[in-house]
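**Q** okay, predicted coordinates and the sequence, questions at the end:
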Amino acid sequence: QLQLVESGGGLVQPGGSLRLSCAASGFTLDYFAIGWFRQAPGMEREGVSCITGSGGSTNYADSVKGRFTISRDNAKNTVYLQMNSLKPEDTAVYYCAASVGYRFMCLMRPDDYETWGQGTQVTVSS
């Protein structure tokens, strides 16, 4: 059974940092692009970042460029999202998702991702 499990969410003060993890089971991540998405209450799901299977290409939403960094460790079958300089508007449930459709580049279009995790809550508040 293909499964993605996110972890690392929590409550952090503005300006703080968190590192989210997305661990895969039932399949190896090597051939999949991984995207991170988030959804705040009453808002549509939005793409945050993505990384190709090789890790050679990444993409970021303008709202997180320079603050978030996506990386992957295929040996651990895990993708990470390092989030620095967090803002209250970063508060959302964060999801990771896997796509077989991207090889040399990736986009953050939710419909292109076939397998999704259950999400982890990130709350940025003082």
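**A** Everything's here; your move.
**Q** stretch 67-79: how far from the chain's middle?
**A** Remark: stretch 67-79 is offset 9 Å from the chain centroid, using Cα atoms, centre = their mean, to the nearest Å.
**Q** ok, now stretch 24-38?
**A** Here the centre of mass of C-alpha atoms in stretch 24-38, compared against the chain's by Cα atoms, centre = their mean, lies 10 Å away.
**Q** got the buried residues for it?
**A** Buried residues in stretch 24-38, counting neighbours by 16 or more other Cβ atoms under 10 Å, are found at 24, 29, 32, 33, 34, 35, 36, 37, 38. The way it works is simple: take the backbone N, C-alpha and C, and place the C-beta from them, glycine included.
**Q** among those, which one lies nearest to residue 48?
**A** The shortest separation between residue 48 and any of the buried residues of stretch 24-38 is 4.4 Å, and it belongs to residue 36 (by Cβ to Cβ).
**Q** residue 83 is in contact with the closest one, correct?
**A** No: with contact taken as Cβ atoms under 8 Å, residue 36 and residue 83 are classed as non-touching, separated by 9.5 Å.
**Q** for residue 29, phi and psi?
**A** Backbone torsions for residue 29, taken as degrees, to the nearest 10, come to phi -80, psi -10.
**Q** skipping adjacent residues, who's closest to residue 35 in space?
**A** Leaving aside its chain neighbours, residue 35 sits nearest to residue 50 (4.0 Å; criterion: Cβ to Cβ, 6 or more residues apart in numbering).
**Q** and that neighbour, how far from residue 32?
**A** Computed with Cβ to Cβ, to the nearest Å, the distance linking residue 50 and residue 32 is 11 Å.
**Q** ok, now residue 86?
**A** The spacing between residue 86 and residue 32, counted by Cβ to Cβ, is 27 Å.
**Q** any shared contact partners between residue 36 and residue 83?
**A** Contact with both residue 36 and residue 83 is made by residues residue 20, according to Cβ atoms under 8 Å, 6 or more residues apart in numbering.
**Q** now the residue nearest the centre of the chain, nearest residue through space, not along the chain?
**A** Centroid-nearest residue in the chain, with Cα atoms, centre = their mean: residue 36, separated by 2.3 Å. Spatial nearest neighbour of residue 36, chain neighbours left out: residue 48 (4.4 Å); criterion: Cβ to Cβ, 6+ apart.
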